[in-house]
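Colleague: pasting the sequence and the predicted model now:
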Amino acid sequence: MSGLELRQVVKRFGATTVVEHLDLRIDEGEFVVLLGESGCGKSTTLRMIAGLESVTEGQIHIAGRDVTRVAPAKRDIAMVFQNYALYPHMDVAQNLSFALRLAGRSDSDIETLVNAAAKTLNIEKLLSRKPRELSGGQRQRVAIGRAIVREPEVFLFDEPLSNLDAKLRGHMRAELALLHERLGKTTVYVTHDQVEAMTLASRIVIFDKGRIQQIGTPAEVFSKPANLFVASFIGTPTMNLIPARVEVHDGALTLAGTGFQFHVPAARLQTALEAGRDITLGLRPQALQLTGGAHSLRLIVDVVEYLGTESVLVGRLATDPRVRLTVVAPGDCHALAHQTVGIGFDPQALHLFDTATTQRLGH
């Protein structure tokens with residue numbers, strides 16, 4: 001059986017714990033993205049999988065084999081680094097073949113594997129060039145090609161697109177997705193860029209402070225964030241979070257905040273909502289419309305960001321200016337800064353979180 005498994009993995013640097021009791025199973029052929037802010041433990045986790053960092057506690061298994069104390073070269077993995085790590089004095093063909101020569105592969109095998117990788121990545125015409133003669137995107141292709149020729153069990157990517165400009169990042173994302181589809185290899189990819197995560201991943205593993213906050217498909221982590229951290233991290237613009245309390249009015253449960261009161265949506269009546277409980281309401285900016293209605297709020301507009309097909313309104317809740325709100329509206333909405341506008345939403349779009357525990361309420 002192929003794939004990758006981390007069992008109760010801990011990493012400490014002195015008295016500082018940077019990865020805490022990490023359990024993660026990645027099936028054969030999955031493309032799993034480790035996503036989080038800088039310093040959350042995702043790159044350290046990748047380096048432990050690669051064997052570049054030792055494991056303080058726990059075990060790492062690749063293809064059913066315990067590799068926790070195995071040297072990096074014997075783990076059957078290939079890693080693509082952020083800075084490409086190409087040998088400047090070697091041409092592209094020599095960079096691609098270097099690991100194969102170290103492994104004692106025959107000249108005919110090396111030629112076949114290098115040519116196949118070059119064809120896959122469309123760099124056949126670059127084989128005689130040195131890294132300094134290549135663009136950033138071409139260097140990244142060579143770095144990926146160097147991993148491909150080794151035919152590893154697992155591919156590891158450490159922020160491979162972060163040095164590229166926005167247009168080239170988008171192009172390379174598409175190429176990586178097609179490459180994974182063709183090769184079908186188990187892939188672990190580290191990034192802080194949620195667009196990369198959402199567009200590439202079979203599943204996303206969201207990290208914060210050395211702990212996994214949620215594991216799920218892109219659709220799951222976006223539509224059903226497990227807690228307030230995930231809710232505020234996933235999505236652009238980020239989710240609006242509004243403090244409220246569960247109250248009873250006329251025998252019915254309501255969600256009440258400063259200057260507003262909503263009935264609990266019928267779909268949420270089975271959720272454990274008792275009167276007096278402090279909760280946080282979550283609303284995606286895309287779920288808000290410039291309209292009134294039974295479920296409506298008033299927004300004092302501070303800034304209007306016109307983006308062509310849409311406008312992003314940033315402002316404050318009129319009844320509680322401490323609460324910041326963002327609305328994604330049509331580009332021709334004609335809203336102006338310093339206006340007060342009504343905004344409405346479908347009650348089914350509400351996300352509910354327990355304020356004390358930060359955990360999601362209901363399904």
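Modeller: Here it is on my side, so go on. Numbers count the residues shown, from 1 in each chain.
Colleague: neighbouring contacts of whichever strand or helix holds residue 245?
Modeller: Applying DSSP states H and E as the criterion places residue 245 in strand 240-249. By Cβ atoms under 8 Å, 6 or more residues apart in numbering, the list of residues contacting strand 240-249 from outside reads 228, 231-232, 253-257, 261, 264, 273-285, 288, 317, 323-326, 353, 355. Using the backbone N, CA and C atoms, a C-beta is placed for each residue, glycine as well.
Colleague: identify each buried residue in the helix or strand following it, please.
Modeller: Counting by DSSP H and E, the next helix or strand C-terminal to strand 240-249 is strand 252-257. Under the neighbour-count criterion of 16 or more other Cβ atoms under 10 Å, strand 252-257 has 253, 254, 255, 257 buried.
Colleague: so which elements touch strand 252-257?
Modeller: If contacts are counted by 3 or more Cβ pairs under 8 Å, 6 or more residues apart in numbering; DSSP states H and E, strand 252-257 sits against strand 240-249, strand 260-263, strand 278-283.
Colleague: send me the longest helix anywhere in the chain as PDB with only the CA atoms.
Modeller: Longest helix in the chain by number of residues (criterion: DSSP state H): helix 166-183. Extracted in PDB, the C-alpha atoms of helix 166-183 (Å, rounded to 0.1, in the frame of the first residue of the first chain):
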ATOM      1  CA  ALA A 166       0.800  36.700 -10.000                       C
ATOM      2  CA  LYS A 167       0.200  35.900 -13.700                       C
ATOM      3  CA  LEU A 168       2.800  33.200 -13.800                       C
ATOM      4  CA  ARG A 169       1.600  31.700 -10.500                       C
ATOM      5  CA  GLY A 170      -1.800  31.200 -12.000                       C
ATOM      6  CA  HIS A 171      -0.300  29.500 -15.100                       C
ATOM      7  CA  MET A 172       1.900  27.300 -13.000                       C
ATOM      8  CA  ARG A 173      -1.100  26.300 -10.700                       C
ATOM      9  CA  ALA A 174      -2.900  25.000 -13.800                       C
ATOM     10  CA  GLU A 175       0.300  23.100 -14.900                       C
ATOM     11  CA  LEU A 176       0.800  21.500 -11.500                       C
ATOM     12  CA  ALA A 177      -2.900  20.300 -11.400                       C
ATOM     13  CA  LEU A 178      -2.500  18.700 -14.900                       C
ATOM     14  CA  LEU A 179       0.900  17.200 -13.900                       C
ATOM     15  CA  HIS A 180      -0.600  15.600 -10.800                       C
ATOM     16  CA  GLU A 181      -3.500  14.300 -12.900                       C
ATOM     17  CA  ARG A 182      -1.000  12.600 -15.300                       C
ATOM     18  CA  LEU A 183       1.400  11.200 -12.700                       C
END
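Colleague: ok, which of the helices and strands packed on strand 252-257 comes nearest residue 155?
Modeller: strand 278-283 (34.9 Å; Cβ to Cβ).
Colleague: mind listing what's buried along the closest one?
Modeller: In strand 278-283, counting by 16+ other Cβ under 10 Å, buried: 279, 280, 281, 282, 283.
Colleague: on that earlier part again, rank the helices and strands packed on strand 252-257 by pLDDT, which is bottom?
Modeller: Mean pLDDT is lowest for strand 260-263 among those, at a mean of 84.
Colleague: just checking: what are the partner strands of it?
Modeller: According to DSSP bridges, strand 260-263 forms sheet pairs with strand 252-257 (antiparallel).
Colleague: what's the partner strand in contact with?
Modeller: 242-249, 261-264, 269, 273, 275, 279, 281, 319-320, 350, 352.
Colleague: and that strand with strand 240-249, angle?
Modeller: On the basis of axes from the mean of the first three to the mean of the last three Cα atoms, to 10 degrees, strand 252-257 is oriented at 140 degrees to strand 240-249.
Colleague: need phi/psi at the residue lying farthest from the centre of the chain.
Modeller: Largest separation from the mean C-alpha position in the chain: residue 250, at 43.7 Å (Cα atoms, centre = their mean). Main-chain torsions, residue 250, degrees, to the nearest 10: phi 50, psi 40.
Colleague: and this structure, what are its domains?
Modeller: Under the assignment automatic domain parsing, the domains of the chain span 4-233, 240-354.
Colleague: which stretch among those domains comes nearest residue 361?
Modeller: Of these, nearest to residue 361 by Cβ to Cβ is domain 240-354, at 4.2 Å.
Colleague: can you give me the end-to-end distance of that closest one?
Modeller: 15 Å (Cα to Cα, to the nearest Å).
Colleague: returning to that earlier point: buried among the contacts of strand 252-257? Make that a ChimeraX selection.
Modeller: Selection command for ChimeraX covering only the buried members of these, criterion 16+ other Cβ under 10 Å:
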select :242,244,246,262,263,264,273,279,281,350,352
